[in-house]
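turn this into a structure:
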Amino acid sequence: MPLDQSFVGRVYPPSPPYQVSVEKIREFAEAIGDANPIYRDRAAAEAAGHRDVIAPPTFATIVNLRCIGAIVEDPALGLDWSRVVHGEQGFRHHRPIIAGDNLVVVASIQDVMTRAGNDFVTIKAEINTVDGEPVSVATATLVARGAAG
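Model prediction:
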């Protein structure tokens with residue numbers, strides 16, 4: 001059964017604040033195999049013009065995962081998580097995520113469509129500091145594969 005088009009434009013409640021730590025940034029940089037010292041060493045980050053260690057650009061995914069989870073687990077949407085694959089991911093950064101940031105995410109559904117028996121849901125996650133400073137916008141498209149014929 002196709003997903004309900006009326007979900008387009010739905011905005012979900014803000015996430016609880018996410019405190020960005022140097023250790024989480026280091027763990028993420030190690031996981032993606034990026035040895036850039038600005039992701040590990042405060043002196044290197046300061047020499048590059050930052051106030052502290054910064055996160056790799058895709059770290060925004062870690063911050064917005066809980067919001068995406070709230071959407072895909074929304075029983076009213078009816079998305080079958082067991083059939084979902086990640087279709088596309090994009091980021092627009094206003095500034096780097098920095099150790100010490102306290103971030104809040106507001107997610108919304110940008111598009112819902114069905115094509116060739118598969119459901120596509122595009123989600124936008126706006127990542128801001130708890131004080132309202134824009135940091136990043138992450139956009140993800142999830143594909144719920146249709147049942148085999």
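
how about the biggest strand by length in the chain: buried residues?
Longest strand in the chain, counting residues (DSSP state E): strand 102-115. Going by neighbour count (16 or more other C-beta atoms under 10 Å), the buried part of strand 102-115 is 103-109, 112. Every C-beta, even on glycine, is put in place using the N, C-alpha and C of the backbone.

same deal with stretch 24-44?
For stretch 24-44, the neighbour count (16+ other C-beta under 10 Å) marks 24-26, 28-29, 38-40 as buried.

looks to me like residue 6 is in a helix.
Yes. Under DSSP: H, G, I helix; E, B strand; the rest coil, residue 6 falls within a helix.

between the buried residues of strand 102-115, which sits nearest residue 46?
residue 103 (21.1 Å; C-beta to C-beta).

distance-wise, check the closest one relative to residue 14.
For residue 103, the distance to residue 14 equals 10 Å [C-beta to C-beta, to the nearest Å].

so in this structure, where's the weakest helix or strand by average pLDDT?
Of all helical and strand segments in the chain, the minimum by mean pLDDT, DSSP states H and E falls on helix 60-72, at a mean of 85.

and that helix, what does it pack onto?
strand 84-93, strand 102-115, strand 118-129, strand 134-144 (3 or more C-beta pairs under 8 Å, 6 or more residues apart in numbering; DSSP states H and E).

could those be laid out in CSV, adding mean pLDDT and distance to residue 10?
CSV is the format used below for the helices and strands packed on helix 60-72 (pLDDT from 0 to 100; distance: least, C-beta to C-beta, whole Å):
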stretch, mean pLDDT, distance to residue 10
strand 84-93, 91, 18
strand 102-115, 94, 5
strand 118-129, 95, 10
strand 134-144, 94, 15
